[in-house]
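1. Could you work out the structure for the sequence below:
(chains A and B)
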Amino acid sequence: PQIFEYNGSAVVAMVGKNCFAIASDRRLGVQLQTVATDFQRVFKIHGKLYIGLSGLATDAQTLYQRLAFKHKLYQLREERDMKPETFASLVSALLYEKRFGPYFCQPIIAGLGEKDQPFICTMDCIGAKELAKDFVVSGTASESLYGACESMYKPDMEPEELFETISQALLSSVDRDCLSGWGGYVLIV
Amino acid sequence: RNSKHRNRKMAGSMELPTKGGFSFDLCRRNAMLEKNGLKMPGFRKTGTTIVGLVFADGVVLGADTRATEGPIVADKNCEKIHFMAPNIYCCGAGTAADTEAVTDMVSSQLQLHRYATSRESRVVTALTLLKTHLFNYQGHVSAALVLGGVDVTGPHLHTVYPHGSTDTLPFATMGSGSLAAMSVFESKYREGLTREEGIALVAEAIRAGIFNDLGSGSNVDVCVITKGNTEYLRNHELPNPRTFVSSKGYSFNKGHTEVLSTKITQLKLKPEVADGDAMEE
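-> Residues are numbered from 1 along each chain as shown, chains lettered A, B, ... in the order given. Predicted coordinates:
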C-alpha cells in the first residue's frame, strides 16, 4: 500500500482577481474505510495566509502545529504577519531538513502578499517549491484535478465566479477518485 | 537565503551555535512504515535537458522548463537555471528539491566568501563546494548540475554528477534529454562561436531535448555570461504554445454549486500610525 494513499486527500488553490481560493475535500479514510466526513485539511496561518496539507493526515497535523508555532514566534519578534513568499521558504526549509526521512505531506500555500497580490505555490514532500500563476493541485485526486483545472480555469475571475469554478473542479475530480470526497471545504480571501 | 534551521536562542545562552544540515528524527518511524508494507513516495524530478557551451567571449547555458512528478507534468514553466553568483549560473537536473537546496546553499556560501575576500567569486570555488557536499552524501543528494561562469581566469564550464565527480568541458549536456542535445552539439559545435551562434546552437540543442525526450518539454531558457555582463533570457523560445484553449470556456452561474453553509469573516485591518515616530532602538 502506498503511503500517500493511506488517508486520501484532494487540495487545490486558484488565483483570481485580487483574491485567491483554496479548497479541499472532507474525507478522512484508513485505506478503504471512511473514518470521518468533516476532516479539515486547510489551516489558517494568519488572516491572509492559508496552508492546505494533503497526504498522510498525522503528518499534516504535526506539520501544521510546527508551522503555527514558528509563525507565532515570528509574529512576536517582528510584530507583523509573515509574507506568503517568506512562509513558502520556511515550509520548504522545514521539509528539506527531513530529506532522508520526510514528512509524507504535500503542502499548498495560498496567500495575499504585498498590495494584496495573490500568491500560490505547492511543494513535493521534500520541499521542492513550484510557483504557479494560475492554479496548484495536490493529493490522491491530483491527476484529475490537473485536467479539471486546466480546462475550467480562466484568469482574473471575480471571487464569486472563482468560487464556482474551484468548487466544480474539486467536485468533479474527487468523483473520479475513491479515496477523496464527501464534499468540499472552500475558502475565498 | 540559507535558512535551513531557525535560530533557537534561549534567554542567556547566546553562544548556542545554529544547527544546520539534515535532521534524521523521522527515519526510524519511516523505516517502520516501510517494513509494514508502505511504499516510499516518489519525489518531483526535473527529467530535464540542460546544456552549456563555451563560446568566444564566455559561456551560454540552456535548459528546458518542465518539472515532472512520475508521468504527470507538475510545472510547465519552472526555472532550472539557478543563480550562484552574479558571474556564475548553474543548471540543475535530478530531484528538484536537491538541486534547489544545494544551489541555494552554495550561492549563500559564495556570497559570504565574497564578503570575506572582497573578490569576485571564481567558478572553481563553486565547483569545489558543490562536489564536496555531494560526495559527502554519497549520491543520496540526487543533483546533476551544469555549472558555468566567467571569472578573472576566463570562461569555465563544468558538469557535476550526483556522486561528486566533475568534468571540465567546452560543451556539456545533462539530464534525460542529454543524448538528444549532445547529438546536436557533437555535429555543430566548433571553437570560437560568436554570441548569436552560441545562443542559436544552445536553443537548438534544448529543442532537440524538448521534442525527442518525454521528460523534457515546454520552453527554452537561456543564460549568457560574459566578462562583466550576464543576461538571463527567461523563456527565450516558446515552441509549445497553448493553442487548444476553447474560446467559449466554462462559465458557471452563481448558485450552481450546492452550498451547505457559509461563514464570512471580516479581516481585521491593522490601524495605520499616521503621526507616529519611528521606534527607538
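2. drop to CA atoms for contacts and neighbour counts, all remaining ones
-> OK.
3. Residue of chain A closest to chain B, please.
-> A:A128 (4.0 Å; CA to the nearest CA).
4. Test my guess that that residue contacts B:E69.
-> No. Using CA atoms under 8 Å, A:A128 is not in contact with B:E69, being 11.3 Å away.
5. Between these two, which has more neighbouring residues?
-> A direct count of neighbours by other CA atoms under 10 Å in any protein chain shown for A:A128 and B:E69 places A:A128 higher, at 26 against 16.
6. Give me the neighbour count for the residue nearest to the more buried one when sequence neighbours are not counted.
-> Setting aside the residues directly before and after it, A:A128 is nearest to B:A97 in space (CA to CA, 6 or more residues apart in numbering or on different chains), at 4.0 Å. Residues near B:A97, counting by other CA under 10 Å, number 27.
7. List the contacts of B:L238.
-> Contacts for B:L238 were tallied using CA atoms under 8 Å, 6 or more residues apart in numbering or on different chains; they are B:218-220.
8. Kindly recompute the last result at 7 Å.
-> Residues in contact with B:L238 (CA atoms under 7 Å, 6 or more residues apart in numbering or on different chains) are B:219-220.
9. Tell me how far the residue nearest to A:A128 lies from A:F4.
-> Here B:A97 is placed at a distance of 18 Å from A:F4 (CA to CA, to the nearest Å).
10. Same check on B:L127?
-> Counting by CA to CA, the gap from B:L127 to A:F4 is 37 Å.
11. show me where chain A has helices.
-> A:57-78, A:84-97, A:142-152, A:159-174 (DSSP state H).
12. can you check the stretch 101-250 of chain B too?
-> B:123-136, B:178-188, B:195-212 (DSSP state H, counting those that start in this stretch).
13. how about the residues of the stretch 151-281 of chain B near chain A?
-> Within the stretch 151-281 of chain B, the positions lying close to chain A (CA under 7 Å from any CA of the partner chain) are B:249-250, B:252, B:254, B:256-257, B:267.
14. Filter the residues you listed down to just the buried residues.
-> For these, a burial check counting by 16 or more other CA atoms under 10 Å in any protein chain shown picks out B:F252.
15. Can you add pLDDT and secondary structure and give the residues of the stretch 151-281 of chain B next to chain A back as TSV?
-> Formatted as TSV, those follow (pLDDT from 0 to 100; DSSP: H, G, I helix; E, B strand; the rest coil):
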residue	pLDDT	secondary structure
B:G249	73	coil
B:Y250	77	coil
B:F252	80	coil
B:K254	79	coil
B:H256	81	coil
B:T257	85	coil
B:L267	83	coil
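16. who are the neighbours in contact with the one residue sitting closest to the centre of chain B?
-> With distances taken as CA atoms, centre = their mean, the residue of chain B nearest its centroid is B:K80 (4.1 Å). Residues in contact with B:K80 (CA under 7 Å, 6+ apart) are B:63, B:65, B:91-92.
17. The residue of chain B found nearest chain A sits in which helix or strand?
-> Closest residue of chain B to chain A, CA to the nearest CA: B:A97 (4.0 Å). Using DSSP states H and E, B:A97 sits in helix B:96-117.
18. Contact residues of chain A facing chain B?
-> That would be A:1-4, A:47, A:93, A:97-102, A:124-128, A:130, A:152, A:160-161, A:164-165, A:167, which are the residues of chain A within reach of chain B (CA under 7 Å from any CA).
19. Show the buried residues in these.
-> For the residues of chain A next to chain B, buried by 16+ other CA under 10 Å: A:3-4, A:93, A:97-102, A:124-128, A:130, A:152, A:161, A:164-165, A:167.
20. Any idea how many residues pack against A:R176?
-> When neighbours are counted by other CA under 10 Å, A:R176 comes out with 14.
21. show me what contacts the nearest residue to A:G139 once chain neighbours are set aside?
-> Leaving out its chain neighbours, the residue that sits closest to A:G139 by CA to CA, 6+ apart is A:A10, at 4.4 Å. Applying CA under 7 Å, 6+ apart, we find A:A10 in contact with A:24-25, A:54, A:138-142, A:180.
22. Quick one, grab the pLDDT at B:M32.
-> Predicted confidence (pLDDT) for B:M32: 87.
23. Confirm that it sits in a helix.
-> Yes. Looking at B:M32 with DSSP: H, G, I helix; E, B strand; the rest coil, it is inside a helix.
24. what separates it from A:G8, distance-wise?
-> From B:M32 over to A:G8 the distance is 21 Å, taken as CA to CA.
25. So for those two, which sits in the more crowded spot?
-> With neighbours defined as other CA under 10 Å, B:M32 and A:G8 compare such that A:G8 has more, 28 against 11.
26. in terms of contact, does the more buried one touch A:A141 like I think?
-> No. Look at A:G8 against A:A141 with CA atoms under 7 Å: they stay out of range, at 8.3 Å.
27. Tell me the residues that contact both of these two, please.
-> Listed as contacting both A:G8 and A:A141 by CA under 7 Å, 6+ apart is no residue at all.
28. still on that earlier bit, tabulate the residues of the stretch 151-281 of chain B next to chain A (a markdown table), appending distance to B:R242.
-> Converted to a markdown table, those look like this (distance: CA to CA, whole Å):
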| residue | distance to B:R242 |
| --- | --- |
| B:G249 | 14 |
| B:Y250 | 17 |
| B:F252 | 23 |
| B:K254 | 28 |
| B:H256 | 28 |
| B:T257 | 29 |
| B:L267 | 38 |
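29. what's the farthest-apart pair in the residues of the stretch 151-281 of chain B next to chain A?
-> Using CA to CA, the two most remote members of these are B:G249 and B:L267, lying 32.6 Å apart.
30. one step back: so what's the residue of chain A closest to chain B up against?
-> A:A128 neighbours (CA under 7 Å, 6+ apart): A:92, B:96-97.
31. Surely A:A169 and A:E150 touch.
-> No. Applying CA under 7 Å as the test, A:A169 and A:E150 come out as separate, 9.4 Å apart.
32. How far away from the center of its chain is stretch A:165-175?
-> 15 Å (CA atoms, centre = their mean, to the nearest Å).
33. nope, stretch A:87-95 is what I was after
-> On CA atoms, centre = their mean, the centre of stretch A:87-95 falls 14 Å from the chain's centre.
34. quick revisit: doesn't A:D124 make contact with the residue nearest to A:A128?
-> No. The criterion here is CA under 7 Å, and B:A97 misses it with A:D124 at 8.1 Å.
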